[in-house]
Each structure stands twice: as C-alpha cells, then as structure tokens.
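Engineer: this is a predicted model, with the sequence first.
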Amino acid sequence: MIEMGDVLSVRMDKELEKRLAFLMDRRKIVDKSSYVRQLIDRSLSEDLLDYLAEEVTAKRISLWKAASIAGTSLRVMMSELAKRNISVYDEQSLTEDLIFSEG
C-alpha cells in the first residue's frame, strides 16, 4: 500500500494547463495527479542538486555531504557537478569528506 502525504491544491493558469494536457495526451497519461507528482519530484530533485552545487562551490558544505543530502553516491554527485561545469574537489574537501564519512 502506498502511503500518501499532505494534499496540495495548485491553481494553474490556462497556458500551464494547456501544456500539461498536451503532454498527457501525447504520452497517453490518464492519471493527472500521478503525472504532476512525477513532474514535481523531478523538478525538486533538479533544484536540490542546483542548490547543493552552489553550496559546494561556495565551500559551505563538502561534496560528500552534498551527496548524502541528495541521497546519492559521491560519484553521482561529482557527475552532477561536472554537468554544471563545476570542479571544486580539493584537499580541503577531501579532509572534510573523510571526517564526515567517519561520523
């Protein structure tokens, strides 16, 4: 049995509703709620990765901690940073990651 969370009511403008209806029709999607949940999940995941990339770049958190918050592996997090043309792994990051992984 799937456990559902809080109910969120969203008012969409006509253009947004039109684009949603277009995609649902073309993709043969009948469950609007499920589809919108998938879209929200995808968008939130991407926004979380953007935020974590900013935090890692600013050295407010380590790469390892960002991966942990995102619920992904260090390798995947490094790949996400590479997609954003961010390379920030240095000796300080390594030290922080080793300390974080021990605790």
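Structural biologist: In hand now; what should we look at? Residues are numbered from 1 along each chain as shown.

Engineer: for the longest helix along the chain, give the mean pLDDT please.
Structural biologist: Taking DSSP state H as the criterion, the chain has its longest helix at helix 32-57. Here helix 32-57 scores 95 as its mean pLDDT.

Engineer: make 59 the first number, not 1, from now on.
Structural biologist: With 59 as the first residue, the last one maps to helix 90-115.

Engineer: report the buried residues of that helix.
Structural biologist: 94, 107, 110-111, 114 (16 or more other C-beta atoms under 10 Å). All C-beta atoms are positioned from the backbone trio N, CA, C, and that covers glycine.

Engineer: what residue is smack in the middle of this structure?
Structural biologist: Centroid-nearest residue in the chain, with C-alpha atoms, centre = their mean: residue 103, separated by 1.7 Å.

Engineer: residue 96 versus that one, what's the distance?
Structural biologist: Distance, residue 103 to residue 96, by C-beta to C-beta, to the nearest Å: 11 Å.

Engineer: show me the shaky parts of the chain.
Structural biologist: The chain contains residues with pLDDT under 70 at 59-60, 146-148, 151, 161.

Engineer: spell out the residue ranges of the strands in it.
Structural biologist: Taking DSSP state E as the criterion, the chain carries no strands.

Engineer: roughly how far apart are the residue located most distally from the centre of the chain and residue 91?
Structural biologist: Centroid-distance maximum for the chain: residue 72 at 27.0 Å, with C-alpha atoms, centre = their mean. Separation of residue 72 from residue 91 (C-beta to C-beta) stands at 20 Å.

Engineer: next: residue 98.
Structural biologist: Residue 98 is 11 Å from residue 91, by C-beta to C-beta.

Engineer: thanks a lot, see you next time.
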